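Trainee: Make a model of this:
(one chain, ligands or ions: 1)
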Amino acid sequence: MHGKVAVLGGSGFLGTHVVHAFARKGYEVKGCSRTSGVDARDENSLLTYLRQAQPDMLINCAHHGGGIAYNARNPVAIFEDNLLTGFNALRAAAQSGVRKFVNLMGNSTYPGALDLHQESVWWNGALHPSVISSSMPRKAHWAQGWAHHQETGFCSIHLVLPNLYGPGDHLEPTRSHALAALIRKTWEAKQAGADRVEIWGTGKPIREWLYVEDAAEGIALAAESYNEIEILNLGSGRGCSIRELAGLIGDALDWRGRFVFDTTRPDGAACKVADVSRMKSALGWFPPTGLREGIHKTIAWFLSHNSCVLATR
Ligand SMILES: NC(=O)c1ccc[n+]([C@@H]2O[C@H](COP(=O)([O-])OP(=O)(O)OC[C@H]3O[C@@H](n4cnc5c(N)ncnc54)[C@H](OP(=O)(O)O)[C@@H]3O)[C@@H](O)[C@H]2O)c1
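Mentor: Residues are numbered from 1 along each chain as shown. A predicted model of the protein is given here:
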């Protein structure tokens with residue numbers, strides 16, 4: 001089905017790559033967001049846009065959130081903005097002739113106590129308190145999609161992604177995630193001739209990382225071929241400890257110092273890794289970029305954008 005695709009949040013980190021992934025497949029694809037005049041918190045703004053653009057598919061990459069400290073300071077705005085944005089997007093899609101809606105969410109929508117994220121246990125436990133405001137709206141959007149599917153057969157799919165990294169990642173201290181923050185800190189240590197970089201926690205927690213171009217390709221593929229209301233994990237299914245990750249980044253930057261772990265700081269969950277067997281059978285696909293290769297590509301992007309990075313300090 002080649003046709004028109006609208007990417008809400010198409011100017012963001014993931015959205016930019018999703019726009020490119022659909023364009024590579026031959027779709028007519030447009031991104032929209034507040035900067036292009038579409039504020040999805042306002043249903044009329046979105047409906048007007050969709051009635052004019054008439055896309056076949058709407059991909060929701062819009063997001064309000066930041067790093068741990070930002071999220072802890074702004075839970076009300078994060079909850080309300082994400083709830084309203086996704087709610088309006090799905091509702092406006094169903095009302096304006098869109099044939100498929102794609103809801104994207106992080107693996108923090110899984111119960112906080114679970115190590116292995118299997119689709120069948122997505123509802124089996126409480127969210128970690130630190131992610132309630134950002135993750136509960138996504139679960140509500142799944143319920144909204146389920147209700148539309150029950151009543152009218154409207155098709156929405158709901159994809160769960162692990163931590164993303166790659167070109168275009170946020171490097172500002174208030175918005176960055178662990179991998180981008182580590183690249184920046186290690187590079188800054190190298191520039192300053194420092195021989196140590198401090199990392200919060202023991203370095204033992206295991207996390208899964210998905211290269212953002214692979215994530216975008218998987219999303220485009222799922223949008224084309226996956227039609228079930230049941231959620232679907234996208235990822236590599238492989239975990240890496242923070243200590244190993246730091247080692248890979250230090251090697252890639254050719255930095256000879258050492259990482260020091262501040263064990264007085266909390267670790268968070270011990271392990272967060274997806275079971276991707278349904279992804280492999282449903283899409284016949286596996287993300288092609290290994291972590292080492294992805295880190296090298298991300299660092300190449302980071303180094304070529306040094307001046308912008310420094311401007312955000
Ligand atoms: N980044 C990750 O590691 C990660 C991991 C797993 C899942 N995800 C999922 O991926 C999606 C995108 O994340 P991201 O990291 O790409 O976020 P991001 O870089 O912060 O981008 C957010 C996008 O949303 C747009 N936006 C924000 N508020 C809006 C509104 N009210 N109306 C319309 N557009 C709005 C922003 O553009 P304007 O400022 O122009 O409005 C921007 O284009 C989210 O669903 C997130 O849960 C991300």
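Trainee: Am I right that Arg265 is in contact with Glu198?
Mentor: No: the criterion here is CB atoms under 8 Å, and Arg265 misses it with Glu198 at 9.4 Å. Bear in mind the C-beta positions are built from the backbone N, C-alpha and C, glycine included.
Trainee: Pull out the buried residues from the host helix or strand of Ile183.
Mentor: Under the criterion of DSSP states H and E, Ile183 resides in helix 178-192. For helix 178-192, burial by neighbour count (16 or more other CB atoms under 10 Å) applies to 178-187, 189-190.
Trainee: Name the surrounding residues that touch that helix.
Mentor: 67, 163, 165, 169-171, 173, 176, 194-197, 199, 207, 209, 242, 245-246, 249-250, 253-255, 257, 295, 298-299, 302-303, 309 (CB atoms under 8 Å, 6 or more residues apart in numbering).
Trainee: Tell me the first helix or strand C-terminal of that helix.
Mentor: Following helix 178-192 in sequence order, the next helix or strand is strand 196-200 (DSSP H and E).
Trainee: What distance do you get for the closest residue to Ala246 other than its chain neighbours to Asn103?
Mentor: Spatially, and ignoring its direct neighbours in sequence, Ala246 is nearest to Phe259 (4.5 Å; CB to CB, 6 or more residues apart in numbering). Going from Phe259 to Asn103 by CB to CB, to the nearest Å gives 37 Å.
Trainee: Would stretch 2-22 count as contacting the ligand?
Mentor: Yes: judged by CB under 6 Å from any ligand atom, stretch 2-22 and the ligand are in contact via 8-9, 11-15.
Trainee: related to what we said a few turns ago, with respect to pLDDT, which of the buried residues of helix 178-192 ranks lowest?
Mentor: Note: of the buried residues of helix 178-192, the lowest pLDDT belongs to Ala178, at 83.
Trainee: re earlier: take the contacts of helix 178-192 and keep only those in strands.
Mentor: 163, 165, 196-197, 199, 207, 209 (DSSP state E).
Trainee: which bits of this structure sit near the ligand?
Mentor: 8-9, 11-15, 33-35, 38-41, 61-64, 81, 85, 104-106, 161, 163-164, 177.
Trainee: Please indicate which of the residues you listed are buried?
Mentor: 8-9, 11-15, 33, 38-41, 61-64, 81, 85, 104-106, 161, 163-164, 177.
Trainee: Tell me which of the residues you listed fall in helices.
Mentor: Within those, residues falling in helices by DSSP state H are 13-15, 81, 85.
Trainee: Dump the residues you listed to CSV, plus distance to Leu234.
Mentor: Shown next, in CSV, are those (distance: CB to CB, whole Å):
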residue, distance to Leu234
Phe13, 16
Leu14, 11
Gly15, 15
Asp81, 24
Thr85, 21
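Trainee: now the helices for this protein?
Mentor: Going by DSSP H, the chain shows helices at 13-24, 43-53, 68-73, 75-95, 132-152, 178-192, 212-225, 242-252, 277-283, 291-304, 306-311.
Trainee: what comes up buried for the second one?
Mentor: Residues of helix 43-53 classed as buried under the neighbour-count rule (16+ other CB under 10 Å) are 43, 45-47, 49-50, 53.
Trainee: which residues touch the residue lying closest to Glu28 once chain neighbours are set aside?
Mentor: Distance criterion CB to CB, 6+ apart; nearest residue to Glu28, sequence neighbours excluded, is Lys4 at 4.8 Å. With contact set as CB under 8 Å, 6+ apart, Lys4 has these partners: 27-30, 53-57.
Trainee: now these in TSV, with distance to Val98 and pLDDT?
Mentor: Formatted as TSV, the contacts of Lys4 follow (distance: CB to CB, whole Å; pLDDT from 0 to 100):
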residue	distance to Val98	pLDDT
Tyr27	14	98
Glu28	14	98
Val29	14	98
Lys30	13	97
Ala53	10	97
Gln54	8	97
Pro55	6	98
Asp56	7	98
Met57	7	98
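Trainee: Which of those are buried, as a PyMOL select command?
Mentor: Buried residues among the contacts of Lys4 (16+ other CB under 10 Å), as a PyMOL selection:
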select buried, resi 27+29+30+53+55+56+57
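Trainee: Which ones among the contacts of Lys4 lie within strands?
Mentor: Reading strands off the contacts of Lys4 with DSSP E, I get 28-30, 57.
Trainee: Any idea how many residues pack against the residue nearest to Ala246?
Mentor: Burial measure for Phe259: 21 neighbouring residues, criterion other CB atoms under 10 Å.
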